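Asker: Structure for the following, please:
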Amino acid sequence: MLTPSSSLTPDTARNLSLLRTLGEPELSPYSRRQWLRWDATSRYLLSVQRQGGTPLRWWDLQLEETAPLASRAVSGCVAAWFLPGSQCVLSVTSRGT
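Answerer: Residues are numbered from 1 along each chain as shown. Predicted coordinates:
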């Protein structure tokens, strides 16, 4: 069984199955890298896209919506986390802003 801190690797990915698709498919040939995080309750999913598209998006997984709750164009965004309570998101950019 995978723990919340387990890394997604080709071996661990074999245990996953598609439940639904969130967001619109990216048509850009550069949208290949995506960094995902869940909040402590696994209710919210946060996505940081390294190339192409909108870099910062998050979803409420309890809703049936496929569109993100929020999308933000954060220039140079390289990582993001939910802060305790899941009401705020902390993002980090390549230049430290």
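
Asker: thinking residue 68 is in contact with residue 46, fair?
Answerer: No - Residue 68 lies out of contact with residue 46 (CB atoms under 8 Å); the separation is 9.5 Å. C-beta coordinates here come from the backbone N, C-alpha and C atoms, glycine included.

Asker: okay, these two: which has more neighbours?
Answerer: residue 46 (22 against 19; other CB atoms under 10 Å).

Asker: Go ahead and confirm that one touches residue 82.
Answerer: Yes - at 6.2 Å, residue 46 counts as touching residue 82 under the criterion of CB under 8 Å.

Asker: Give me the common contacts of the two.
Answerer: 37-39, 89 (CB atoms under 8 Å, 6 or more residues apart in numbering).

Asker: Can I get those in JSON lines including distance to residue 23 and pLDDT?
Answerer: Output for these, formatted as JSON lines (distance: CB to CB, whole Å; pLDDT from 0 to 100):
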{"residue": "37", "distance to residue 23": "15", "pLDDT": "86"}
{"residue": "38", "distance to residue 23": "16", "pLDDT": "88"}
{"residue": "39", "distance to residue 23": "18", "pLDDT": "88"}
{"residue": "89", "distance to residue 23": "16", "pLDDT": "83"}
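
Asker: Burial check on residue 82, number of neighbours?
Answerer: For residue 82, using other CB under 10 Å, the count is 20.

Asker: Please report how far the nearest residue to it once chain neighbours are set aside lies from residue 9.
Answerer: Among residues not flanking residue 82 along the chain, residue 39 sits closest, at 4.0 Å (CB to CB, 6 or more residues apart in numbering). From residue 39 over to residue 9 the distance is 22 Å, taken as CB to CB, to the nearest Å.
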